[in-house]
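K.L.:
no sequence on this one, just coordinates:
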C-alpha cells in the first residue's frame, strides 16, 4: 500500500512559480507511473502530467507543456512538479497519484492518491 503526501501549494500571482512535491512511502514504485492531476471548482479532475518511475519518461497535457516540468528523485521517493508562468486558469487542487506497471493512464487506473494541495493564482 503506497501512501502519498503532497506539499508546496499556495497563493501566487499570475506569472509566478511554485514547486509541488509528492513523497511516497509504504510500497514500491518500481516499474510504475506517478502523475499529477488537478481539480478546479465545479470542474472534473483532469490530468496534468505523468512520469514513469524507472525510465523517467514524461507526458504533459497541452495546456501546461512548456510551463510545467515533472521530475522524480528515486533516492527520496519524491516526485515534483515545477510550475512556471502560472495563470489563474491553473488554480485548482493538485493531486499526486501512483500506479503499477501498465499502459492505461486514466485517473481510474491509479489506486493510490494523495490528499491534494491547493494552488491559487491571482490575476
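P.N.:
Yep, it's here. The model shown is predicted, which means the values in this text are computed figures rather than measured ones.

K.L.:
pLDDT score for residue 122?
P.N.:
pLDDT for residue 122: 97.

K.L.:
show me the contacts for it.
P.N.:
Taking C-beta atoms under 8 Å, 6 or more residues apart in numbering, we find residue 122 in contact with 11-14, 88. Any C-beta I mention is one placed from the backbone N, CA and C, and that applies to glycine too.

K.L.:
roughly how far apart are the spatially most central residue of the chain and residue 87?
P.N.:
In the chain, the residue lying closest to the centroid (C-alpha atoms, centre = their mean) is residue 36, at 2.1 Å. Between residue 36 and residue 87 the computed distance is 16 Å (C-beta to C-beta, to the nearest Å).

K.L.:
Next: residue 7.
P.N.:
With distances taken as C-beta to C-beta, residue 7 is found 22 Å from residue 87.

K.L.:
what about the residue nearest to residue 82 when sequence neighbours are not counted, helix or strand, and which?
P.N.:
Spatially, and ignoring its direct neighbours in sequence, residue 82 is nearest to residue 69 (4.4 Å; C-beta to C-beta, 6 or more residues apart in numbering). Using DSSP states H and E, residue 69 falls within strand 68-73.
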